[in-house]
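Q: model this:
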Amino acid sequence: MIASLRGQLIVSCQAYPGESLRDADTMRRMALAVLAGGAAAIRAQGLDDLYAIRAATSVPLIGLWKDGEAEVRITPTAHHVTAVARTGVDVVALDATARPRPDGGDLATSVRAAHEVGCLVMADVSSYDEG
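A: Coordinates of the predicted model:
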């Protein structure tokens, strides 16, 4: 899958509470629109959106779950990773920075949780060393 995406466009389809497009069906339709426009994969946020998008397409889907008010909000715990993976995504995106996770867990536990259910991991980092 990774090789097939090299040089291709991956589009993020995300809207948040209070925004005019905040609706899982709208995100599903946005994903289909960007695919029709040439995108090769989708990155999306939130369990409802991920389920809706996965039901509508089989292209590579990168999923995340932004949750909480802590510094680490992008798929912050192994629990979040497992929930995202269960939506049928191919890749789980998560915060891989050195900042503390809200549950006191560590990055390795979250990565292991993704791999246990057959998902790749996309690490969102803030520095070369974190990468």
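
Q: center of this structure - which residue?
A: By Cα atoms, centre = their mean, the chain has its centre lying nearest to G63, at 2.2 Å.

Q: now do the strand or helix carrying that one: which elements does it pack against?
A: Assigned by DSSP states H and E, G63 belongs to strand 61-64. In terms of contacts (3 or more Cβ pairs under 8 Å, 6 or more residues apart in numbering; DSSP states H and E), strand 61-64 is packed against strand 41-45, helix 47-56, helix 78-85, strand 91-95. Glycine gets a C-beta too; all of them are placed from N, C-alpha and C.

Q: give me the sheet partners of that strand and which way each runs.
A: strand 41-45 (parallel), strand 91-95 (parallel) (DSSP bridges).

Q: got the contact list for it?
A: Strand 61-64 is touched from outside by 10, 41-45, 50, 53-54, 74-75, 84-85, 87-94, 122, with contacts defined as Cβ atoms under 8 Å, 6 or more residues apart in numbering.

Q: now with 7 Å?
A: By Cβ atoms under 7 Å, 6 or more residues apart in numbering, the residues outside strand 61-64 that reach it are 10, 41-45, 50, 53-54, 74-75, 84, 87, 89-94, 122.

Q: enumerate the positions of that strand that are buried.
A: Buried residues in strand 61-64, defined by neighbour count with 16 or more other Cβ atoms under 10 Å: L61, I62, G63, L64.

Q: please apply the same query to stretch 76-96.
A: Neighbour-count burial for stretch 76-96, counted by 16+ other Cβ under 10 Å, picks out 76-78, 80-85, 87, 89-96.
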